[in-house]
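1. I would like to see how this sequence folds:
(chains A and B)
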2 protein chains.
Amino acid sequence: MIATKMQEQVQNSSVIRAMFEEGKRLAAIHGVENVFDFSLGNPNAKPPDEVNQAILEILQADNLMSIHGYMNNSGYEEVRAAIAKSINDKFGTAFTQNNLLMTVGAAGGLNVIFKTLLNPGDQVITFAPFFGEYRNYVRNYEGDLIIISPNTIDFQPNLVEFKEKITSKTKAVIINSPNNPTGVIYSEATIIKLAEILSQKQKEFGTDIYIISDEPYRELAYDNAEVPYLSKYYANTIIGYSFSKSLSLPGERIGYLVIPNEVADYENIISAANIANRILGFVNAPSLFQRVVAKCLEAKVDLDTYNKNRELLYNALVSYGYQCIKPEGAFYLFVKTPIENEVEFCNLAKQKNILLVSGAAFGCPGYVRIAYCVAYKTIEKALPGFKALIEEIGK
Amino acid sequence: MIATKMQEQVQNSSVIRAMFEEGKRLAAIHGVENVFDFSLGNPNAKPPDEVNQAILEILQADNLMSIHGYMNNSGYEEVRAAIAKSINDKFGTAFTQNNLLMTVGAAGGLNVIFKTLLNPGDQVITFAPFFGEYRNYVRNYEGDLIIISPNTIDFQPNLVEFKEKITSKTKAVIINSPNNPTGVIYSEATIIKLAEILSQKQKEFGTDIYIISDEPYRELAYDNAEVPYLSKYYANTIIGYSFSKSLSLPGERIGYLVIPNEVADYENIISAANIANRILGFVNAPSLFQRVVAKCLEAKVDLDTYNKNRELLYNALVSYGYQCIKPEGAFYLFVKTPIENEVEFCNLAKQKNILLVSGAAFGCPGYVRIAYCVAYKTIEKALPGFKALIEEIGK
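-> Okay, here's the model as predicted:
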């Protein structure tokens, strides 16, 4: 018999992954070119050439044992130093290798920091719509995820409700900008206000409340939009980063945490995070790819690939009568469904071989997420289906 | 403030890793060639040539997106199929890809299976001496690790005490053969008896009790010694494997779980393990190295490297008067300390620049572990120190 907690999980097994399997089934029937799978955030822009060049350089130049061997659980010192320097150059921060911990992707990093911080019953606040896995990551350590209802006007966080829901048990706030699933970047004005509220509440309750900034989409911002670097606005900020999207390496599981010196209880947090990385079974971030990303800090996938998709899809859907915010980053479009029940809408879309994810998975029913990290042709071929859908519903 | 559980962890921070740092400190003072660090199980046999050849082949032949992209959380189907076939060829089993789940090393796999199985208060039994991290892996899921006291005659498990300590709350038994820290292989006779006891106790309590076989050292068995494949002796067996030692890739974090069809509640366990892999933040085993190991299933590090070390160190220590069992596998020697207090002995050894790990870390005080996965020269240069140590103590 499996654990009780896992029984629930098996029953509710990830909507997103279930859809992925459904896509494979439909592809087997209709041919892969006639199924339009917008369900998964699996990057389709190819990794920059620097990635494989870096692998080849490392295999030629370095000592074999040092390429594939153990290192400090936090990662190679020189890799952490190189990343710290790169962040400092871009954002005017003053990090050193001692502020960095290499992680098994952002998902690994978030688990490490929640293991480090949370006591049973501690509350972590997030803003809907949000990446559904936060529920699991917080629950892994007996924490409670407190969800702030969505502001569907512009999908900036609802700070009025936020202020009301902070309690003495609030240990952290997790935010994700550019956001999955909306593509919205939280504005500097939002961040300043959010930091003010938190500072005031820390004082009121005599507690430390950490911002955990989940930033896998930082590098995917269109039209040179700025993504504020949060540690500059609020001292108790911990950053979780991943190279999954910036270098299209999601399978390789490589990312990092930044824990600035200014964070309350810094010494204990960095020590505990190092231990958490070990005892959760990550041990260390994959060794070869630590060195690879250190050689690719200025490289980036071709954002134009995603931007073309964004323009095509957004403009077409709006012209058909769909309502959505134009994404400023990431590769998702979050669309209000023309019928209230978005699960029903997903089923209607499936009849046109279009696979979408229900907004309920992100704490925001009445919407669907379209992951447009797919071939341009896929979008072109899917558009008639989207058009027919809204027309049929309108009848 | 960090989590209460982590405060303890920070205080007791891993003895092994602390020693690793101490080694670096001593090396800075005395020169790295004059410090004899036997504290860490970091393989020093170089990875077989097939590893880097495989990387090059994959980079040349395969589609870039598929090399570094997401796949099913359980891993690539063709990789799992290749590994299943390789196990079947070697051990006469009948596994398919549906019995395999690729993991972030064995440490990742063990966390996945404990997350899958354990309810708070469930008991997991292990036999001292044992790999100290089991304590953490079990505690991560609110389980209790029940330790069977060591049989210091031959370091086969103490099955009398084992039988007495099985209760209705016993969910699993974790065993590790070839064993860290003793190098002992649990004999077929031991396995048969252990399986008999478990079958009887399952009947008595009406429960399922799983054997979790932690096998990172399976390929490191000397003199063609046989390491029994446990699923052939006991139906409720789950195997955790790692390529860290067989291919000297510990930094790359690549391994797998085998969950045979015969395991009770197989369908739920395999589903839940897949989900646990995702929600614990592993998501999937590193993608490039999944393909690499699939191409290296017949490759193996040069065992002779370790065997020469074993012979040199074992014969010398015994000739000096130390008492220890000759290891049949792995790369550790577990030595009875000539004074009762092994922590004091470790400190005396440190004065000769010899770094050892106290047996207490493995639940077996009065002993020290010597990890001989070091250069042959290091052992040669350390031997006079070992000799002087026992002579000085004898005076």
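
2. Surely residue A:243 is in contact with residue A:255?
-> Yes: the pair residue A:243 and residue A:255 passes the contact test of Cβ atoms under 8 Å, sitting 6.2 Å apart. Using the backbone N, CA and C atoms, a C-beta is placed for each residue, glycine as well.

3. Low-confidence bits of chain A, can you list those?
-> Applying pLDDT under 70 to the predicted model, the residue ranges of chain A that meet it are A:14-17, A:19, A:62, A:64-65.

4. quick one, domains of it?
-> The record's domain parsing of chain A by automatic domain parsing lists A:4-47+A:301-394, A:49-294.

5. Next, format these as a markdown table and append distance to chain B.
-> Rendered in a markdown table, the data for the domains of chain A read as follows (distance: least, Cβ to the nearest Cβ, whole Å):
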| stretch | distance to chain B |
| --- | --- |
| domain A:4-47+A:301-394 | 4 |
| domain A:49-294 | 3 |
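
6. Need the winner for burial among these.
-> Most buried of those by mean neighbour count (mean count of other Cβ atoms under 10 Å in any protein chain shown) is domain A:49-294; its value is a mean of 21.

7. how long is that domain from one end to the other?
-> This stretch, domain A:49-294, spans 14 Å end to end (Cα to Cα, to the nearest Å).

8. Of the domains of chain A, which is nearest residue B:272?
-> With respect to residue B:272, and counting by Cβ to Cβ, the nearest of the domains of chain A is domain A:4-47+A:301-394 at 4.1 Å.

9. contacts for stretch A:26-33?
-> If you take Cβ atoms under 8 Å, 6 or more residues apart in numbering or on different chains as the criterion, stretch A:26-33 is touched by A:35, A:37, A:350, A:353, A:355, A:381.

10. how much space is there between the first one and residue A:353?
-> In this structure, residue A:35 and residue A:353 are separated by 5 Å, where distance is defined by Cβ to Cβ, to the nearest Å.

11. Turn the domains of chain A into TSV, including distance to residue B:138.
-> Shown next, in TSV, are the domains of chain A (distance: least, Cβ to Cβ, whole Å):
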stretch	distance to residue B:138
domain A:4-47+A:301-394	15
domain A:49-294	11
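
12. between the ones you listed, which one is nearest to residue B:123?
-> Relative to residue B:123, the nearest member of the domains of chain A by Cβ to Cβ is domain A:4-47+A:301-394, separated by 16.1 Å.

13. Off-centre distance for the closest one?
-> On the basis of Cα atoms, centre = their mean, to the nearest Å, the separation between the geometric centre of domain A:4-47+A:301-394 and that of its chain is 17 Å.

14. Can you give me the end-to-end span of it?
-> Start and end residues of domain A:4-47+A:301-394 are separated by 45 Å (Cα to Cα).

15. can you check stretch A:343-358 too?
-> 6 Å.

16. go on, stretch A:325-336?
-> Taking Cα to Cα as the measure, stretch A:325-336 stretches 9 Å from start to finish.

17. for stretch A:177-186, same thing?
-> Stretch A:177-186 has its terminal residues 6 Å apart, counting by Cα to Cα.

18. what are the ranges of the strands in the stretch 51-200 of chain A?
-> Chain-ordered strands for the stretch 51-200 of chain A, with DSSP state E, counting those that start in this stretch as the definition, fall at A:100-103, A:123-127, A:144-148, A:170-175.

19. The longest one pairs with which strands, parallel or anti?
-> Strand partners for strand A:170-175, identified by DSSP bridges, are recorded as strand A:123-127 (parallel), strand A:210-214 (parallel).

20. Verify the contact between residue A:117 and residue B:5 for me.
-> No: using Cβ under 8 Å as the test, residue A:117 is too far from residue B:5 to be in contact (10.8 Å).

21. And the strands of the stretch 51-200 of chain A: which comes nearest residue B:390?
-> Ranked by Cβ to Cβ, the member of these that lies closest to residue B:390 is strand A:100-103, at 41.6 Å.

22. Who does that closest one pair with, and is each partner parallel or antiparallel?
-> Taking DSSP bridges as the criterion, strand A:100-103 pairs within the sheet with strand A:255-258 (antiparallel).
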